[in-house]
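Novice: Provide a 3D model corresponding to the input given below.
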Amino acid sequence: MKKTALVGLLLVSLMLCACSQGSALTFNANWYKNTTLGKDLSGTQEILDYEVTFKQSSTASDAFRVEYDKGTYRTELKNAYLTLSDGSSQREGYIYTTRLDISGRYIVNGAVGETFHDYILSTVSFLPVDNALQPVSSEKEVYTTSAISTSPSSLDTASVTYHYSYTVRYDSALSNATAVYTDLLQEDAEPKTTEYDLTGNTTFLDNEQILFALRGLDMNSSASFRSINSVMSQVQDVSLGTPTITEETVNFEADGETVSGSVQAYSVSLTYDNSYSGSPQTLVYARRTDANNNTYRNVLLRMETSVLQSLGTLTYRLVKADFSDK
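Specialist: Predicted structure coming up:
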């Protein structure tokens, strides 16, 4: 599996193997106005839209840099009956889909390359909070134009294009997973299958559900969980730093009404537990206002993630929210 330039929902790949010593996480249905409705999934329908902007690194120059146009990121959550891997039973759970679209161009020694159009699509299904959001399956398609090095000699050696799919299926006991990577640029490429042992004491989350799942935490302390790092082909620990209570300046539309000004929020960092973890992601979530009247549903308000080769930072900001009406 290749590294991608768009990390972040990427997180788009996060996570290193280890036998975790932490405890299992407890989730609340904070994506509802009434957070006590964790067992009543009916009528769940949420759509969130984000604007994605790029800030160039202070060390970048015309010798090598990248420009990104404004991009879009959309997430959708709905309830559905899910067929478990054994095919013998169905459980009501969630389907969560995301789509990132962004365009840009590389510049080497003042020469501007052709505009590329990258995207990441993902879908993940998982069980409700009383099952610790246990994943059932996920799939992702990535088309990305990634920087190869920090100092290419020409535009021809500045970047490479990857187009691949990655699917994961979990057994009903969440003890094993089967992942399949397929190179979509090569018609005759053989899919690569990897089996993972998921047994452990700490919570396991699929990579594609992480940003959503963190909305369900109380955010009162640091935490850790496990997930599959597709780059390293290992199950790894992921660390959530100690959250900081803050006020986030926002300007978005929520169910047809404008929300502008400051919102009480938590800021937290997310990173791999290994020596090659790279820069942590910064995540800012709205704080729960009241268990029975959670106005902003612990929504992700902002996310910052680094671009490969330290070329800059992508920032996701919420611009529109159509929350579930419950």
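Novice: what is the longest strand of the chain by residue count?
Specialist: strand 90-108 (DSSP state E).
Novice: pull out the buried residues from stretch 97-107.
Specialist: Neighbour counts over stretch 97-107 (16 or more other Cβ atoms under 10 Å) mark Thr97, Thr98, Arg99, Leu100, Ile102, Gly104, Arg105, Tyr106, Ile107 as buried. C-beta: built from backbone N, CA, C; applies to glycine.
Novice: in the sheet, who's paired with the third one?
Specialist: Taking DSSP bridges, one finds Arg74, Leu121 as the beta-bridge partners of Arg99.
Novice: also Ser269?
Specialist: Thr282.
Novice: you'd agree Thr144 is up against His117?
Specialist: No: in this structure Thr144 lies outside contact range of His117 using Cβ atoms under 8 Å: 10.2 Å.
Novice: settle it for me: which of these two has more neighbours?
Specialist: Taking other Cβ atoms under 10 Å, Thr144 and His117 do not tie; Thr144 has more neighbours (25 against 11).
Novice: so the more buried one belongs to a strand, correct?
Specialist: Yes: the assignment for Thr144 by DSSP: H, G, I helix; E, B strand; the rest coil puts it in a strand.
Novice: gap between it and Asp197?
Specialist: 29 Å (Cβ to Cβ, to the nearest Å).
Novice: pLDDT below threshold where in the stretch 201-326 of the chain?
Specialist: 273-278 (pLDDT under 70).
Novice: how does it look with 90?
Specialist: Along the stretch 201-326 of the chain, segments meeting pLDDT under 90 span 201, 229-233, 271-280, 289, 308-310.
Novice: got the residue ranges for the helices in it?
Specialist: For the stretch 201-326 of the chain, the helices defined by DSSP state H, counting those that start in this stretch cover 210-213.
Novice: show me how far stretch 134-152 is from its chain's centre.
Specialist: From the chain centre to the centre of stretch 134-152 is a distance of 11 Å (Cα atoms, centre = their mean, to the nearest Å).
Novice: buried sites along that stretch?
Specialist: Applying 16+ other Cβ under 10 Å to stretch 134-152 flags 134-147, 152 as buried.
Novice: do the same with stretch 150-161
Specialist: Going by 16+ other Cβ under 10 Å, stretch 150-161 has these buried residues: Pro152, Leu155, Ala158, Ser159.
Novice: let me see the contact set for the last one.
Specialist: Contact analysis of Ser159 by Cβ atoms under 8 Å, 6 or more residues apart in numbering lists Ala5, Tyr106, Gly113, Phe116, Thr145, Ser146, Ala147, Ile148, Pro152.
Novice: the last one contacts Ile107, correct?
Specialist: No: with contact defined as Cβ under 8 Å, Pro152 and Ile107 do not form a contacting pair (10.5 Å).
Novice: what residues are shared contacts of those two?
Specialist: What both Pro152 and Ile107 touch, as defined by Cβ under 8 Å, 6+ apart, is the set Phe64.
Novice: circling back: helix or strand right after the longest strand of the chain?
Specialist: strand 111-112 (DSSP states H and E).
Novice: who are the packing partners of that next one?
Specialist: Here strand 111-112 touches no other helix or strand, going by 3 or more Cβ pairs under 8 Å, 6 or more residues apart in numbering; DSSP states H and E.
Novice: quick one: the strands in the stretch 201-326 of the chain, in order.
Specialist: 223-229, 234-240, 244-254, 257-272, 281-286, 300-306, 312-322 (DSSP state E, counting those that start in this stretch).
Novice: export these as JSON lines, with columns for mean neighbour count and distance to Leu174.
Specialist: Shown next, in JSON lines, are the strands of the stretch 201-326 of the chain (neighbours: other Cβ atoms under 10 Å; distance: least, Cβ to Cβ, whole Å):
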{"stretch": "strand 223-229", "mean neighbour count": "22", "distance to Leu174": "11"}
{"stretch": "strand 234-240", "mean neighbour count": "20", "distance to Leu174": "12"}
{"stretch": "strand 244-254", "mean neighbour count": "15", "distance to Leu174": "32"}
{"stretch": "strand 257-272", "mean neighbour count": "17", "distance to Leu174": "21"}
{"stretch": "strand 281-286", "mean neighbour count": "23", "distance to Leu174": "24"}
{"stretch": "strand 300-306", "mean neighbour count": "21", "distance to Leu174": "25"}
{"stretch": "strand 312-322", "mean neighbour count": "19", "distance to Leu174": "29"}
